[in-house]
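S.K.: take this sequence and fold it.
(2 chains)
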Amino acid sequence: MDPHYHPKSLEPAVQREWDDTKAFVAPDASGKPKYYNVGMLPYPSGKLHMGHVRNYSINDALCHFLRMKGYNVLQPMGWDAFGLPAENAAMAHGVPPAKWTWENIAYMKRQLQSLGFAIDWTREVATCSPDYYRWNQWFFLRMREKGIAYKKTGTVNWDPVDQTVLANEQVIDGKGWRTGATVEKREIPMWYLRISQYADELVDALDGLAWPEQVKQMQRNWIGRSYGVEFTLPYAPETAARMADGKAGLKVYTTRADTIMGITFAAVAAEHPLAAEAAKGHAKLAAFIEECKRGGVMEAELATMEKKGMPTGLFVLHPFTQEPIEVWVGNYVLMGYGEGAVMAVPGHDERDFAFAKQYGLPIAQVIDVDGQAYSTDAWQPWYEAPGVNVHSGKYDGLAQAAAIDAVASDLEAAGLGAKRVQFRLRDWGISRQRYWGTPIPIVHCPKCGDVAVPDEELPVVLPEDLVPDGSGSPLAKSPAFYECKCPSCGADAKRETDTMDTFVDSSWYFFRYTCPGATAMVDERADYWMPMDQYIGGIEHAILHLLYARFWTKVMRDMGLVKVDEPFRNLLTQGMVLNHIFSRRTDKGGIAYFAPEEVEVKSDAEGRITGAALRADGSVVDYGGIGTMSKSKRNGVDPQDLIDRYGADTARLYVMFASPPTDTILWSDSSVEGSFRFLRRVWKLVHDHLAAGPAPKRAGADLSGELKDLRFKLHKTIDKVGDDYGRRLQFNTAIAAVMELLNALTDVKDASPAARTVAQEVLEAAVLLLSPVVPHIATVLWAELRPGTRLLDQSWPEVDREALVQETIELVLQVNGKLRGHLVVATDATREAIEQLALATDAAVKFMEGRPAKKVVVVPGRLVNIVV
RNA sequence: GCCCGGGUGGCGAAACUGGUAAACGCAGCGGGCUUAAAACCCGCAGCCGCGAGGCUUGCCGGUUCGACUCCGGCCCCGGGCACCA
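M.R.: The predicted structure follows:
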């Protein structure tokens, strides 16, 4: 055996052996129970970053651990290959997105292979390949037939200079990132998926999922099921005359129908038809509506901007009192939410209160909470709390639930409204005015309207040779793509040039992994592997991706394609890997990012970064704090340096040892050296042990106390590590436990045959326990420890219960809750005996200072606390 | 702004169900080995104090024999907010 650890030669050799034996190709049937283990598929941005290494190292450790536990494990990999960065790269370098993407995939695949992940590459999926996205198109058409896919208008960010739709990411402070032009809201027709139809099931089914509570809560809040009342505020006569829209009034929705007598005004979105009508011949209002259209569509931006409004001069009537209520246009009312109109009760809604104060509108108290004094001077949180109605006529004295019921039934009797369940969740708009995505398989015929592309003509293939230039979609400028005949009447027609949201791609790829080469979207092999047993990915996907994938699965189920209700049985949301962000505003008002290695930072005494300058020319750059590693912010760290310098095992050990998987971590490689040193030490321990010749097969029954303690520690460790891997999914503590075990082994200075036997037992177990994290070195060390056998054939080590039996145990001694000493008692000592022993100790006598014990708390196996 | 997390030594962290705060490791310090360096080995190490001892888990308060852990309020940091993925 080589006395030195050489990962550079060892790792490729082990990987070649895995390849040659197809070690990780999973059969679609097996006598063993199946375990389907997936990491969220990466976007092929160019290089892996540490977040990927972290993610897939966790998957891989589980993969090896469950193999050893006797499962038929499938761990596939694929590429989320459509998306915006490919178009940006194309603009920057003039390379077609397809070429850029396929090259990135090839490079990143080599990186994953050099990390030695136990991936079944025979199932690889790239979402930009026609074999994959044809099924996006096929399924879209099925959803259209069922009415789940439909068309309506939606609001987008419009760059008036580039004449193009911008992603939210491309809007910086309300300006286009390339042009610096003020972005406008624009209404365009788009395709939507009716996820709202599944809202009840999506929220109810969360209860049965073994997911982190925090993620389930986020999804519940996102779906936002509320029980409220929808009703109409009838138009005042003049308003009715002007609107002439065939409607009786302004439809609104509220969860606080109990406050209906507190309405003092109403507000509509700038895009609302009532606002448009009111603006006719009202120049100031028209100008205000125009102003509201400025800026993007991001909720974070809308929610933080200054609330502004203007009266329309149009009135509606209170449904019960018939009193006129003026309608305002408010920039905080969103056309896309509910009806685009709200009743305003400034007495009991914080936002309405602020708005009323700002514009001098009346505020009326209609809810009372015991012992609280109401004042319109300042907002108090209790104003929003449930209470008892006051100043509300016939509803006075009713508590919230009763008041809501009474108001709802009165509205219903008046034919103005009824109770309704509403969701915050909006239907999923999937149209993108972009090139690098799945073409939507629709043809626009002047005679027949929107016509589906027939199934036999799928896929509608995306041309791979176009290069976007930043103004509009290349597809919309490519007659070769859009010119076509109507499938229905044969007339000249125009193909849809919008593509699908890339969340479509990632909503079902995990089904496709299970049945590579299937001639349908999925086949019966999906029934074997699904539901997925473990899904692992970043916490940033807690809502959108996971919700869309759940929805898609349910639609597939309802179409009879798959049998599962939910795709992901267990979920582990990995914490983000953060790094510093440096940027600078460009002349045009856009933003340019710089990689951390390109800048020199200045810090204050506490180590906080106060400023930074570019290394190249010393020019000042802005420090943007810390944030997720991403291609767009240029703060990703490529693991390649680490792999080249120390090998894959060290890189994996380091990222697994650094913290629990769910923790957010700020990237630093300052202690990688220590992980490498540990592996070198393990290597040397095995080498030195074997260099002394073979160890006797079995130790005699009578081990010294020291060797008994070592075996106790060994079997404690096996137990703990198995629990950490299998139940807690916490790897840093498992690794620390093995380190402790090896420290204990080193401390035993005994060269007797019995000691050598125990040492062999410890080393074999340590190699097995570490193997899920560092499989390369473990493979080689195992072959040395047990010539003629393979690590891959080994089971997880068994805990020897007898080694865990102890005669005595050490307890902590406290006086008044403070640590004052220790005492050793028999494992089976009674509570009374322990109490007597504790009171007699020197430490107890000293710190009780002659005072009698008021109480003695004995926690079995832990401590004794004497209270005086 | 709203929803969800997080904050423990110089640093990454541990303490799993309310029971020894700081395991394991990094950096550091002292020593050994070496002509020297690297590597390796041994030891020290939260803060204050000569010591006995006292103090310490973002801040303030509460519950408890006992709180990193539970409750209330606040500060700071991260993730998401529907077109980044």
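
S.K.: for the stretch 301-450 of chain A, which residues are neighbours of RNA strand B?
M.R.: Proximity of the stretch 301-450 of chain A to RNA strand B (CB under 7 Å from any atom of the strand) is limited to residues A:303, A:304, A:424, A:425, A:426, A:428, A:429, A:431, A:432, A:433, A:434. (C-beta placed from N, C-alpha, C; glycine too.)

S.K.: which among the residues you listed end up buried?
M.R.: With burial judged by 16 or more other CB atoms under 10 Å, the buried subset of these is A:425, A:428, A:429, A:431, A:432, A:433, A:434.

S.K.: which residue is it, in chain A, that comes closest to RNA strand B?
M.R.: residue A:674 (2.2 Å; CB to the nearest atom of the strand).

S.K.: for residue A:583, give me its contacts.
M.R.: Contact partners of residue A:583, counting by CB atoms under 8 Å, 6 or more residues apart in numbering, are A:591, A:592, A:593, A:594, A:621, A:622, A:624, A:633.

S.K.: just checking: what are the partner strands of the helix or strand it falls within?
M.R.: Using DSSP states H and E, residue A:583 sits within strand A:577-585. Sheet pairing for strand A:577-585, assigned by DSSP bridges, gives strand A:591-594 (antiparallel), strand A:620-628 (antiparallel), strand A:665-666 (parallel).

S.K.: okay if I get the buried ones among the residues of the stretch 301-450 of chain A next to RNA strand B as JSON lines plus distance to residue A:750?
M.R.: Rendered in JSON lines, the data for those read as follows (distance: CB to CB, whole Å):
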{"residue": "A:425", "distance to residue A:750": "66"}
{"residue": "A:428", "distance to residue A:750": "67"}
{"residue": "A:429", "distance to residue A:750": "71"}
{"residue": "A:431", "distance to residue A:750": "73"}
{"residue": "A:432", "distance to residue A:750": "69"}
{"residue": "A:433", "distance to residue A:750": "74"}
{"residue": "A:434", "distance to residue A:750": "69"}
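
S.K.: restricted to strands, list those residues.
M.R.: A:428, A:429, A:431, A:432 (DSSP state E).

S.K.: doesn't residue A:686 lie inside a helix?
M.R.: Yes. Inclusion of residue A:686 in a helix is indicated when DSSP: H, G, I helix; E, B strand; the rest coil is applied.

S.K.: hang on, it packs against residue A:762?
M.R.: No. At 10.5 Å, residue A:686 and residue A:762 do not qualify as touching, with contact defined as CB atoms under 8 Å.

S.K.: report pLDDT for the residue most central in space within chain A.
M.R.: Of all residues in chain A, the one closest to the mean position by CA atoms, centre = their mean is residue A:541, 2.3 Å from it. Among the per-residue scores, residue A:541 holds a pLDDT of 97.

S.K.: isn't it up against residue A:40?
M.R.: Yes. Because the distance of 6.3 Å satisfies CB under 8 Å, residue A:541 is recorded as touching residue A:40.

S.K.: what's near enough to touch residue A:489?
M.R.: Residue A:489 sits in contact with A:445, A:447, A:448, where contact means CB under 8 Å, 6+ apart.

S.K.: again, 6 Å this time
M.R.: By CB atoms under 6 Å, 6 or more residues apart in numbering, the contact set of residue A:489 is A:447, A:448.

S.K.: all strands of the stretch 751-868 of chain A, in order?
M.R.: Listed in chain order, the strands of the stretch 751-868 of chain A (DSSP state E, counting those that start in this stretch) span residues A:808-815, A:818-826, A:855-859, A:863-867.

S.K.: and among those strands, the most buried is which?
M.R.: Among those, judged by mean count of other CB atoms under 10 Å, the one packed with the most neighbours on average is strand A:863-867 (a mean of 20).

S.K.: can you check the pLDDT for the closest residue to residue A:424 other than its chain neighbours?
M.R.: What sits nearest to residue A:424 in space, not counting adjacent residues and going by CB to CB, 6 or more residues apart in numbering, is residue A:224, at 2.7 Å. At residue A:224, the predicted lDDT confidence score is 95.
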